[in-house]
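Novice: Fold the following, please.
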Amino acid sequence: MAKGAGTIYVCQSCGKQSPKSLGRCPACGAWNTFVEERARAVPKGAAARGGLHAREAKPVAFADIESQDDVRVSSGITEFDRVLGGGIVPGSLVLIGGDPGIGKSTLLLEVADKLSAGGARVLYVSGEESERQIKMRGERLGVVAENLYLLPETNLESIFAEMEREEPGAVIVDSIQTVFSSQIESAPGSVSQVREVAGRFLTFAKSRGVPVFLIGHVTKEGSIAGPKALEHIVDTVLYFEGDRHHNHRIVRATKNRFGAANELGVFEMTGAGLKPVANPSEIFLQERPENAAGSVVTACMEGTRPVLVEVQALVASSKYNYPLRTAQGFNANRIALLLAVLEKRLELPLLNNDVFVNVAGGLDIDEPAADLGVVAALVSSYKNRPLDGKTAVFGEVGLTGEVRGAMQAQVRAREAQTLGFKRLILPASNAEGLQRLLGLRVVGVRSVEEALRELF
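Specialist: Numbers count the residues shown, from 1 in each chain. Take a look at the predicted model:
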């Protein structure tokens, strides 16, 4: 960046800088994302970056560092603790993104209530709502929060001045795109502002050992708005997912330095706020139709949690030259691959039919172990023959028609046993050691043909 007070153009998607405006970013390929910003002089000294929060760093021997496994603080919400890896780590910087109105502010207000009830002093910085609006929502949720302090402010320097005065035990910022630094001459939400604000909060969190939660806007593609560097700066990235037509919400960890990635937390949206769901499999299967062709239950893993979901398929004769391939909650390219395997290996004429696949409940499945469930649902719909309602399946399907093993088969099997399933069809390589599960008949298969023979 130039040291003088010149003008540069910055890509709002990846942060690429250019002396002139470009239609397409040469770094990330995005169109019409360059915005004019004022270049500022490079600050001298480390204090310009972190202010009073910067600390002098010295090398420490690895063996001399104390373990931090026992310092996690419970948020008071079991599902939120699960997604974070067991609780809130002091000094962590957590970013939460999601669609407007999905429940991000509601969840963090409930977390603030639980933390304040435990004696922590929580500072809630709001750049989008006034303190009265937050108070109204809190009264609806039954929030007491004697140690919760609301700060309707968007200026970063003013926020840090209040943080110095209040010395909070936790900070919530809603949202990071509304906060701006007066030291940067660009609009709030721009790449320069978001990067500077996130960096300052990161320095504060690490130097003071205070957890900081940032709420982020999302783009129409579903990713968190701002530069990708924002997700690299923070310790944990959580995405709030859910369908407005369903009463449950899903919090998924896509990055977590202190726990498992792709961990899942399920909440139920009620009039009194978000309520944790202890067993999400029951929610995803509670409206499953009986004796319906094209409906199969498959066992998936979301992080460390097993989840049983219903996969629905509909195969119908096509009236077009190019048959339709529609998928909701499952990869459409993977469906095309499975159809080709069924056509080639089992000689089922499916490629000329319209195919629709849906994962009931609004959950997105991205693991290969769901292949066998999709295959079973497709064949069931094509033959118009319903499967046994007490049968669950899982396994990865290869191009030669073989069924490959999946990770954590025992955990999946125990979840099926807990929910009352009587038969489990899984890869033969995973069947060993699972025959002793009471009330559950475990069937190991080596190929798709063998699996369909057992199912039908």
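
Novice: okay, CA-based contacts and neighbour counts for the rest of this
Specialist: Will do.

Novice: what sits up against the host helix or strand of Leu107?
Specialist: Here Leu107, judged by DSSP states H and E, is contained in helix 104-117. Contact with helix 104-117 is made by 75-77, 96-98, 121-122, 124, 137-138, 141, 143-148, 172, 174, 215, 240, 273-274, as judged by Cα atoms under 8 Å, 6 or more residues apart in numbering.

Novice: Pull the contacting residues for the closest residue to Val443 other than its chain neighbours.
Specialist: Counting by Cα to Cα, 6 or more residues apart in numbering, Ile425 is the residue found nearest to Val443 once chain neighbours are left out, at 4.9 Å. Each residue near Ile425 by Cα under 8 Å, 6+ apart is listed here: 391-394, 442-445, 451.

Novice: And Ile425, what's its pLDDT?
Specialist: The pLDDT attached to Ile425 in the predicted structure is 96.

Novice: go on, the one 4 residues further on?
Specialist: In this model, Ser429 is scored at 93, pLDDT.

Novice: Count the neighbours of it for me.
Specialist: Neighbourhood size, Ser429 [other Cα atoms under 10 Å]: 14.

Novice: Numbering from 58 from now on, please.
Specialist: Sure, I'll start numbering at 58, so the last one becomes Ser486.

Novice: quick one: secondary structure of it?
Specialist: helix (DSSP: H, G, I helix; E, B strand; the rest coil).

Novice: for the stretch 408-513 of the chain, what spans make up the helices?
Specialist: Under the criterion DSSP state H, counting those that start in this stretch, the stretch 408-513 of the chain contains helices at 428-440, 466-475, 485-488, 505-512.

Novice: Now do the buried residues in the last one.
Specialist: By neighbour count, with 16 or more other Cα atoms under 10 Å as the criterion, the buried positions of helix 505-512 are 505-506, 508-509, 512.

Novice: and what of the second one?
Specialist: By 16+ other Cα under 10 Å, the buried positions in helix 466-475 come out as 466-474.

Novice: Show me the contact partners of that helix.
Specialist: By Cα under 8 Å, 6+ apart, the residues outside helix 466-475 that reach it are 356-358, 363-365, 449, 481, 487, 491, 494-497.

Novice: Let me know the closest of these to Phe119.
Specialist: Proximity of the contacts of helix 466-475 to Phe119 was ranked by Cα to Cα; the top entry is Met358 with 34.1 Å.

Novice: Just want the angle from the helix or strand harbouring the closest one to helix 428-440.
Specialist: Using DSSP H and E, Met358 maps to strand 352-359. Put simply, strand 352-359 runs at 170 degrees to helix 428-440, going by axes from the mean of the first three to the mean of the last three Cα atoms, to 10 degrees.

Novice: Can you give the strand pairings for the following helix or strand past strand 352-359, parallel or anti for each?
Specialist: Going down the chain from strand 352-359, the next helix or strand is strand 362-374, by DSSP H and E. Applying DSSP bridges to the sheet, strand 362-374 is found paired with strand 352-359 (antiparallel), strand 410-416 (antiparallel).

Novice: and among those strands, the most buried is which?
Specialist: With neighbours defined as mean count of other Cα atoms under 10 Å, the strands paired with strand 362-374 peak in mean count at strand 352-359, which reaches a mean of 26.

Novice: on that earlier part again, what does the strand holding Met358 rub up against?
Specialist: For strand 352-359, contacts defined as Cα under 8 Å, 6+ apart pick out 319-321, 346, 363-370, 422, 424, 426-427, 429-431, 433-434, 437-438, 443-444, 446, 448-451, 469, 473.

Novice: just stretch 241-254 next, same as before
Specialist: Here stretch 241-254 makes contact (Cα under 8 Å, 6+ apart) with 67-70, 72, 94-97, 213, 233-238, 283-284, 286-287.

Novice: starting at the chain centroid, how far to it?
Specialist: Relative to its parent chain, stretch 241-254 has a centroid offset of 25 Å by Cα atoms, centre = their mean, to the nearest Å.

Novice: again, but for stretch 349-361
Specialist: 19 Å.

Novice: so which of the helices of the stretch 408-513 of the chain gets nearest Ala118?
Specialist: Counting by Cα to Cα, Ala118 lies closest to helix 466-475 out of the helices of the stretch 408-513 of the chain; the figure is 38.6 Å.

Novice: The closest one vs strand 352-359, what angle?
Specialist: Angle, helix 466-475 to strand 352-359, by the same axes, to 10 degrees: 130 degrees.

Novice: Would you verify that Ala120 is located in a strand?
Specialist: No: using three-state DSSP, the assignment for Ala120 is helix, not a strand.

Novice: give me the number of residues near it?
Specialist: Number of residues near Ala120 (other Cα under 10 Å) recorded here: 7.

Novice: Longest helix of the protein, counting residues only.
Specialist: The longest helix of the chain (DSSP state H) is helix 248-265.

Novice: mean confidence score for that helix?
Specialist: Mean pLDDT, helix 248-265: 91.

Novice: do the same with stretch 355-365
Specialist: For stretch 355-365, mean pLDDT is 91.

Novice: again, but for stretch 149-166
Specialist: 91.

Novice: And for stretch 304-318?
Specialist: Stretch 304-318 carries an average pLDDT of 89.

Novice: So for that stretch, what gets flagged as buried?
Specialist: Across stretch 304-318, burial judged by 16+ other Cα under 10 Å covers 305-313, 315-318.

Novice: Domains of this structure: list them as residue ranges, please.
Specialist: Structurally, the chain divides into domains by automatic domain parsing as follows: 64-95, 129-335, 340-512.

Novice: Where among these is average confidence lowest?
Specialist: Note on the domains of the chain: domain 64-95 shows the lowest mean pLDDT, a mean of 84.

Novice: Would you mind measuring the gap between the ends of it?
Specialist: Terminal residues of domain 64-95 are spaced 5 Å apart (Cα to Cα, to the nearest Å).

Novice: residues of it that come out buried?
Specialist: Neighbour counts over domain 64-95 (16+ other Cα under 10 Å) mark 64-75, 78-79, 82, 90-95 as buried.

Novice: next one: stretch 363-382
Specialist: Residues 363-373, 380-382 are the ones in stretch 363-382 that count as buried (16+ other Cα under 10 Å).

Novice: these two touch, right, Leu456 and Leu399?
Specialist: No: assessed by Cα atoms under 8 Å, Leu456 is found out of contact with Leu399, at 9.6 Å.

Novice: Those two: who's more crowded?
Specialist: Taking neighbours as other Cα under 10 Å, Leu456 and Leu399 compare with Leu399 leading, 22 against 13.

Novice: separation between the more buried one and Ile392?
Specialist: Separation of Leu399 from Ile392 (Cα to Cα) stands at 11 Å.

Novice: Ala286 too?
Specialist: Plainly put, Ala286 is 33 Å away from Ile392 if you go by Cα to Cα.

Novice: Cool, thanks, talk later.
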